[in-house]
Structure formats: structure tokens, C-alpha cells
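Q: give me a 3D structure for the following:
(2 chains)
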2 protein chains.
Amino acid sequence: MRYKLLIEYDGTNFVGWQRQKSGLAVQEVLENALKTALREDITLFGSGRTDTGVHALGQVAHFETNQNLNLFKIRESLNALVRPHLISVHEVQQVTDDFHARFSAKERSYVYQILNTPFPPALLKNKAWWVHTPLDIKLMQEAANLLIGKHDFSTFRASECQAKSPIKTINSIQFEKSDHLIKMHIKAKSFLHHQVRNIIGSLVLVGQKKWTVEDFEKAFKGKDRRLGGPTAPPEGLYFVSVEY
Amino acid sequence: MRYKLLIEYDGTNFVGWQRQKSGLAVQEVLENALKTALREDITLFGSGRTDTGVHALGQVAHFETNQNLNLFKIRESLNALVRPHLISVHEVQQVTDDFHARFSAKERSYVYQILNTPFPPALLKNKAWWVHTPLDIKLMQEAANLLIGKHDFSTFRASECQAKSPIKTINSIQFEKSDHLIKMHIKAKSFLHHQVRNIIGSLVLVGQKKWTVEDFEKAFKGKDRRLGGPTAPPEGLYFVSVEY
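A: Residues are numbered from 1 along each chain as shown, chains lettered A, B, ... in the order given. So this is what the prediction gives:
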């Protein structure tokens, strides 16, 4: 039987979703909790990796077992077993055998959060990128609109990216501002390594008026990472949800 | 000359606003930063104490010095000097000599935040009270409306409260819900010790239908702390702003 987990985590103290020798991963904590709860070795398949420091509101993962699980009880057990780590299992569902957290995904949604204040964050420490110079989000939205659709995203692709092709299709990018908090909502079937952080890193240059929208377009169309802006820090990035 | 500070802090790792022998207080960190920046001993007068673990979005404090300060530079210095503590000075303003952060206050606003989910918090750990049983906020609002105006709040007053009288005037209480997050906005000229946490502790009993609105009214009118519900935990409470 195949089960799907819906998972929230605070990425601050993890090396990311995927098991690594360099430190503790969310996957490792959850697999250990599943092993204790189910008394068997369990492998979790996540819908996507997240980097060190990146958060998740709705990461999805699946696993297989021959056991018939009580969905309510298993959630309760997992949430007790993962303590004190900041991971919360929102939902456990049974799914059909053809469901795959990674390969069945139709759309992934991320939010990138910026605190745009002249003073540093206190309550949002590690939860947003602090940009202290004022940002013009109208210009950022205008530049972002150039990315919608199917394009070569080499300018926003990490050098260590393992994808076969730099071609991706972005479905939407929407900026939203409330007080000093700026959120960029971005949706695509899948993303290149560091793609969202590299995009927002360049869009911030536009928002700060260090780049014009035309500079941004030129960098994007140049299809070369060296033409892009800096990679934005991980703490502003949230993996929001996956559509299947 | 008198200066006013507008201050945000994450209360998790502080014993509260006011200097204590038992641990580090926000006041202490800021007074030390002011001493370093101004090269003189400075006493800060806060608009109100906050307990261990209680947060502030807009605490106000004032201090006096003979120095003519550059408001921009002093804010930058203080925000650098308080690191790595999660305190952020939003604003430094010069005020007239008759301004007193505590005694000139006309209204104080607090928010109490509840995460109402069957699963524990990850990203909101230490930032909200986790109540895992469903809450009916219509009933909570109905009970809260009984508190508006001038009343004897003995039922919601901590035994260690030092106020001369249990009579206080609550100007407004408004509940708001967005997804799983419930916020209670409460405004009054001043509050008794633990008043907000004791009120929400009893309102949650109403929301859980362990108490009827009539039970709540009876407890309130009984003017005895022993009739009230439990004190809600500090991590849900935010000192939002002060009006002068």
C-alpha cells in the first residue's frame, strides 16, 4: 500500500529535505520516525528537494508498506516522534500505486518572502530575506512577467544543477505587498536548482533600480548564469504546495 | 532631551521587557546598547511590561540624555549593538519633555494568536498557542463582547498583580480567522497583570464548548480568579502598539 504525507517544516536547522552526510535532513528525521512507528525500514520519496534553510508549508512525500495504517493514529505518532525537530505532518492519505510524489506532480508552488524595512527582522529572523533598501514591486512584476511561459532559464540555473535541460515553463509569478512584507508567488511544473532564488536575486536588482527591466531582459535572454544577479538567501523561500 | 523608541522583539529567549535577576531582559540589552552608543548610563522607561515569552511588534520606551542625537545613526547603531538578540529598533524620535512612555499612553493594543490545527506548529513554534481541538470563534466573540466597557476584571487578574484596582475599561475585542490562524485583537488604556492571557484562556473554553457563553458570564461576574479558566501560554501574545 502507498501512503502520501503532507509536511510542513522550518528549514533553519536542516541541511534540506534530502539525506546528506553533512547534517540532519528532514527526510532522515521522518524516515526514522516511520521506522519507529511501523517497525520496518521505510524509504520516503519527496516531491522535490529543498536547500538548507528553505522552509516548507506543503512538501509532499510518499512511501510504501504492507501494513494497513490508521491514518489518524500514524499522523499522531509521527508528530510525536519527530519532536523536538520543527517538522509537522499535516495529513496522511492512502493513494493508488501509480501515485509518485515527484513524478506525478503537475504544478509546484513556491513563495519567496522579503522583509523590506530599514531595520533588521526580529520576529521574522530566518523566515524572510531582509532587504533594507526600498523595492519597487511594480517594476519587479513587470520584469517577472517576461519569464512567464516556456523559456531557456540558464541565467537563473545553479552551476551544479543536474537537470538535463535548462528549458522550463513558468505558469505564473505574482507579487503581493502587505505593510513591509513582499511576497512573490511562483508556479511551475518543476524548477531548476536555485531557479527561484536566482530569479528573485535578479528581480531585487530591478526593484532597487540598480537594473532596468531592459537590463533584466538582456540578462535573461543572454542564457548565461554569469549575467544574472546574486542568489537570494534560502530563508525567504517556502515550498508551498504541489498539485497532482 | 527626551527620545522615544519603537521596538520589536521576539520574546522567546527573554525573561520579558523588564530587567530581572533571573535572566536576560529586553530592557537590559537595549540599555547596554544605549550605554555603548551614547557613552553614558541610560535608563529606559517602557510603556508596559511583557512576560517571559511574550512578543512585541511595537513596544515603546523613552530615555533622556543631554546629547543631540542623529536619529538615523542612533537607530543603526542600536540595531547593530543588540545583535544577535532578536530585538529591532524601528524608530527613534525626539519627543517633548512631558512625554512619558508609560503615563502618556492613551490606548494599548495586543494581539493573541492561536494556531487551531490537529497537527503541531513547525514554522509558528513559539509564535502562537497551539490549540488542537476546533474552536468556534463566533461563540468566543459573543462571550468577549460581554467584556467591553468598564468592569471589575478580578476573574482575569493574576494573583501577583500589583494594580490598585481590578477595574479596567476594554475598548474593543475583535476575533479574526484566516486558514487555521485565529487572532484576537484587544484594546484598552491599560491592562491588569495576565489579563489578556487569562481572558483568552477562558474564551478558549467557550470556543471548545466546554463552557457556554453563560458559564463565561457567570465566571466573569463572580469577580474571583478561581472561577476563571487557565492562563493561556505567553507565546501567543503580541504587544502590538501604543497610542499617545
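
Q: residue contacts, A:Asp10?
A: A:His55, A:Leu86, A:Asn126, B:Ala122, B:Leu123, B:Lys125 (CB atoms under 8 Å, 6 or more residues apart in numbering or on different chains). For the C-beta atoms, the positions are set from N, CA and C on the backbone; glycine is no exception.

Q: helices or strands up against the helix or strand containing A:Phe175?
A: Using DSSP states H and E, the element containing A:Phe175 is strand A:167-178. If contacts are counted by 3 or more CB pairs under 8 Å, 6 or more residues apart in numbering or on different chains; DSSP states H and E, strand A:167-178 sits against helix A:137-145, strand A:149-152, strand A:181-188.

Q: how close does A:Ala61 get to A:Ser22?
A: Separation of A:Ala61 from A:Ser22 (CB to CB, to the nearest Å): 21 Å.

Q: what of A:Lys127?
A: Distance of A:Lys127 to A:Ser22, computed by CB to CB: 23 Å.

Q: which residue of those two possesses the greater neighbour count?
A: A direct count of neighbours by other CB atoms under 10 Å in any protein chain shown for A:Lys127 and A:Ser22 places A:Lys127 higher, at 19 against 8.

Q: now that one: closest residue in space that isn't a chain neighbour?
A: Here the nearest residue to A:Lys127 in space, its sequence neighbours aside, is A:Glu235; by CB to CB, 6 or more residues apart in numbering or on different chains that works out to 6.4 Å.

Q: wait, a helix at that neighbour?
A: Yes. Counting by DSSP: H, G, I helix; E, B strand; the rest coil, A:Glu235 is located in a helix.

Q: so the strand holding A:Phe175 versus strand A:181-188, what angle?
A: Relative orientation of strand A:167-178 versus strand A:181-188 (axes from the mean of the first three to the mean of the last three CA atoms, to 10 degrees): 160 degrees.

Q: return the set of buried residues in strand A:167-178.
A: A:Lys168, A:Ile170, A:Ile173, A:Phe175 (16 or more other CB atoms under 10 Å in any protein chain shown).

Q: switch those residues over to CSV; also include pLDDT.
A: Compiled in CSV, the buried residues of strand A:167-178 are given as follows (pLDDT from 0 to 100):
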residue, pLDDT
A:Lys168, 97
A:Ile170, 98
A:Ile173, 98
A:Phe175, 98
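
Q: out of the residues you listed, flag the one nearest to chain B.
A: Distance to chain B, by CB to the nearest CB, is smallest for A:Phe175 among the buried residues of strand A:167-178, at 19.8 Å.

Q: distance of the closest one from A:Asp136?
A: A:Phe175 sits 10 Å away from A:Asp136, taking CB to CB as the criterion.

Q: which non-adjacent residue is nearest A:Arg157?
A: A:Arg157's closest residue in space is A:Leu192 (CB to CB, 6+ apart), at 4.4 Å.

Q: I figured that neighbour hits A:His151, correct?
A: No. Under the criterion of CB atoms under 8 Å, A:Leu192 makes no contact with A:His151, lying 11.1 Å away.

Q: tell me the SS of the nearest residue to A:Phe156 once chain neighbours are set aside?
A: The shortest distance from A:Phe156 to any non-neighbouring residue, by CB to CB, 6+ apart, is to A:Asn198 (3.8 Å). When classified by three-state DSSP, A:Asn198 comes out as helix.

Q: so what's the residue nearest to A:His193 when sequence neighbours are not counted up against?
A: Residue nearest to A:His193 in three dimensions, not counting chain neighbours: A:Cys161, with 3.8 Å by CB to CB, 6+ apart. Going by CB under 8 Å, 6+ apart, A:Cys161 touches A:Leu192, A:His193, A:His194.
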